[in-house]
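S.K.: Provide a 3D model corresponding to the input given below.
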Amino acid sequence: MARAIKKLTARSVATITVPGRHSDGGGLYLVVDKSGAKRWVFLFRRDGKLREMGLGGLHSVPLAKARELAEEARATLHAGKNPIEARRENARRVPTFGDVADAYLKAMEPQFRNVKHIAQWHMTLKVYAAPLRPKLVSDITTDDVLSVLKPIWSTKAETASRLRGRIERVLDAAKAQGYRSGENPAAWRGHLANLLPKRHRLTRGHHAAMPFREVPAFVVRLRERDGVAALALEFTILTAARSGETREAIWKEFDLKASLWTIPGERMKAGREHRVPLTPRALSILKQLADLGSVPDHYVFPGSKPGRPLSVMALDMVLRRMHVDVTVHGFRSAFRDWCGEETVFAREVAEAALAHVVGDQTERAYRRGDALQKRRELMQAWSNYLLSGGENE
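M.R.: Now for the predicted structure:
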C-alpha cells in the first residue's frame, strides 16, 4: 500500500513547536530544533544506509516548495541516482548570480545608451547586489532580494527601484537559459509590491538643492579647499553640468583657445553632442589641472587610481565634508532658478545651457542652433554672480 503523503498543513507547520522530526510523508520531514528553528530534510536509503538531504529553512522554503523538492528527490531516486550527488552535480553546472549578471551585461552592452549607463548597471549589480553574487542563481529567493533592497529602499529610493528592476532582468535571463524555474522573486507587480512600501513618484525638484542666493557664499568656501574633487565640483557648478559629464571629461573635448567644451553625444543623457562655453574662471581651473598633464585621451579630473576618473562619490564627499546637505545635481536647479528669477535671458537659452530638450519635434527642427553666443553671455553672468560671493545680495 502506498505511503501517505502531505500529512502536514500550512497551519501545523507554522504552529508545531515540539523539537524533532515531523513527517509529511514520502521521506519529507520538518525538523524543529531545540532553538525553535525549523528546516526541511529529505530522508532516503542508499546502499543500505539512511541518508539525510537538507532542503532549506522554513523561512525561505515554504511547505509547497519543500514538497516540490522532495518530489524531485524521489524522482532522482527512482532513476537510480543519489539525490545528494545529483544536486552537487547540478550545483557545479548552475552559475552564480554574479556570473549570470556579468554575462547578461556583456550581451546587452550594444543596446545601452552610453558608457555612463553601462557603468551604472555594473555598479548597482556589483556593489548593492554584492550579497547575491556568490549565490547559485537557481537558489535566489524573495528573502535574498529583499535583503539587498530594504536597506536602501527609503534612503536611496531611485537607486533601489533601478536595482530591483535590474535584478529582475538578470533572473529572467537565468530562467530563459534554464537555470531557474517558477516566479521571479524580484518581480514588482503582484509580488514585491505587497512586501515593500510604494515609492513616491519623483518630481522635478527631487534633488536637494541649495537656494541660488546661498551659492555664491558656498563657492567662496569651496575655493578654500584643496584637491581635484573640489575643483571638479566648482567647475560643475560654473558650467551647470551633470557630475558625470565633469568627472569623465577628457582633454581632447576642450578647445581652450576657443573657450569651448564639446561633450560627445554618447556621454550625454539625451544622446546629443553638447557645447559648453567656458568662462575665464572655468578656464583657470582647466589650466591649473593641465599642469598635472593634458594628454588628449586622459581624464581632466583624475582619480586616485591610475587611468581612472574621480569616483562617483567624490563630489558628494566634498559636500559632506563641508556639512552641506544638498546634492551635486541640485546646483543645476539652483542655476535654473537664478536664470528665471534674476535674469532676462530667454527660457530656451537657460534650458539649452542645461542640455534639456525643449519643444516638440517640429519646433526643434526650426530651431537648429544651440544659441551658443547667448549661452556664453548667460554663463558669464552666472560666473560673475558666483564670484561675487553674495556681496550684492
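S.K.: what's the offset of stretch 229-245 from the middle of its chain?
M.R.: Per Cα atoms, centre = their mean, to the nearest Å, the displacement of stretch 229-245 from the mean C-alpha position of its chain is 22 Å.
S.K.: what's the answer for stretch 122-137, then?
M.R.: 11 Å.
S.K.: how about that stretch: buried residues?
M.R.: T124, L125, Y128, A129, L132, R133, L136, V137 (16 or more other Cβ atoms under 10 Å). All C-beta atoms are positioned from the backbone trio N, CA, C, and that covers glycine.
S.K.: which of those sit farthest apart?
M.R.: Within these, T124 and L136 form the most distant pair, 20.6 Å apart (Cβ to Cβ).
S.K.: hang on, Y179 packs against I140?
M.R.: No. Y179 is beyond contact range of I140, at 10.1 Å (criterion: Cβ atoms under 8 Å).
S.K.: more neighbours: which of those two?
M.R.: Taking neighbours as other Cβ atoms under 10 Å, Y179 and I140 compare with I140 leading, 22 against 19.
S.K.: secondary structure element holding the closest residue to P277 other than its chain neighbours?
M.R.: Take P277 and drop its neighbours on the chain: the residue closest to it by Cβ to Cβ, 6 or more residues apart in numbering is R376, 3.8 Å away. Taking DSSP states H and E as the criterion, R376 maps to helix 372-387.
S.K.: what lies in contact with that helix?
M.R.: Defining contact as Cβ atoms under 8 Å, 6 or more residues apart in numbering, one finds that helix 372-387 is touched by 215-216, 219, 237-240, 259, 275-282, 335, 338-339, 342-343, 345-346, 349-350, 352-353.
S.K.: which among these count as buried?
M.R.: 215-216, 219, 237-240, 259, 275-279, 281-282, 335, 338-339, 345, 349-350, 352-353.
S.K.: tell me the contacts of the closest residue to A229 other than its chain neighbours?
M.R.: Nearest residue to A229, sequence neighbours excluded (Cβ to Cβ, 6+ apart): A314, at 4.4 Å. Applying Cβ under 8 Å, 6+ apart to A314 gives the contacts A229, A232, R247, G303.
S.K.: repeat that with 10 Å
M.R.: Residues near A314 by Cβ atoms under 10 Å, 6 or more residues apart in numbering: G227, V228, A229, A230, A232, L233, S243, R247, F301, G303, S304, V328.
S.K.: kindly export stretch 175-186 (C-alpha atoms) in PDB.
M.R.: Extracted C-alpha coordinates of stretch 175-186, given in PDB (Å, rounded to 0.1, in the frame of the first residue of the first chain):
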ATOM      1  CA  LYS A 175      15.200  31.400 -16.400                       C
ATOM      2  CA  ALA A 176      15.400  31.800 -20.100                       C
ATOM      3  CA  GLN A 177      18.600  29.800 -20.000                       C
ATOM      4  CA  GLY A 178      17.100  27.000 -17.900                       C
ATOM      5  CA  TYR A 179      18.900  27.900 -14.700                       C
ATOM      6  CA  ARG A 180      15.700  28.800 -12.800                       C
ATOM      7  CA  SER A 181      12.000  27.900 -12.700                       C
ATOM      8  CA  GLY A 182       8.900  29.400 -11.200                       C
ATOM      9  CA  GLU A 183       8.100  33.000 -10.500                       C
ATOM     10  CA  ASN A 184      10.700  35.800 -10.400                       C
ATOM     11  CA  PRO A 185      11.400  36.800  -6.800                       C
ATOM     12  CA  ALA A 186      12.300  40.300  -7.900                       C
END
